[in-house]
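Novice: Using only what follows, build the 3D model:
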Amino acid sequence: MSTDRSYLTPYAQKLRKSMTPEEIKLWTQFLRRLPVTVRRQKPIGPYIVDFYIAERKAVIELDGSQHFEETAQAADRTRDQFLQSKGFVVLRYSNAEINRSFYEVCEDIRNKLDLSPGDGTD
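Specialist: Predicted structure coming up:
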């Protein structure tokens, strides 16, 4: 198995330019306003995570409908196990949650990242 992951950075840059509507909403309306630095589409090991918060050693993943297929769920479990083995907290939300319960997702992120109420929503 090759350990060359040089292709990840240009791919991550491409993903930043083609974010899903749910990623754009979470980024523009919440994450970029937080008092911690949030990186979008960040390569970590063999993966590119949707959002990365170094100060909290946390990753936020948004899942579209394809993530509910069994093979995708198995891949997500493998990915989560890898990230957790590196000490990351993995927060995972569905696109449906972003669309239907946006403020509840933001509050959950605030709580799990140990941020003050109101952070990110000024």
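
Novice: Just the strands from this structure, written as ranges.
Specialist: Along the chain, the segments classed as strands by DSSP state E run 39-44, 47-53, 58-63, 89-94.

Novice: Now render those strands as JSON lines, adding mean pLDDT and mean neighbour count.
Specialist: To be clear about C-beta, it is placed using only N, CA and C from the backbone, and glycine gets the same treatment. Formatted as JSON lines, the strands of the chain follow (pLDDT from 0 to 100; neighbours: other Cβ atoms under 10 Å):
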{"stretch": "strand 39-44", "mean pLDDT": "91", "mean neighbour count": "18"}
{"stretch": "strand 47-53", "mean pLDDT": "93", "mean neighbour count": "21"}
{"stretch": "strand 58-63", "mean pLDDT": "94", "mean neighbour count": "21"}
{"stretch": "strand 89-94", "mean pLDDT": "95", "mean neighbour count": "17"}
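
Novice: Out of those, which gets nearest to Ala75?
Specialist: Smallest distance to Ala75 across those (Cβ to Cβ): 9.9 Å, for strand 47-53.

Novice: got any ranges where the chain has weak pLDDT?
Specialist: Within the chain, the ranges that satisfy pLDDT under 70 run 1-18, 65-70, 72, 116-122.
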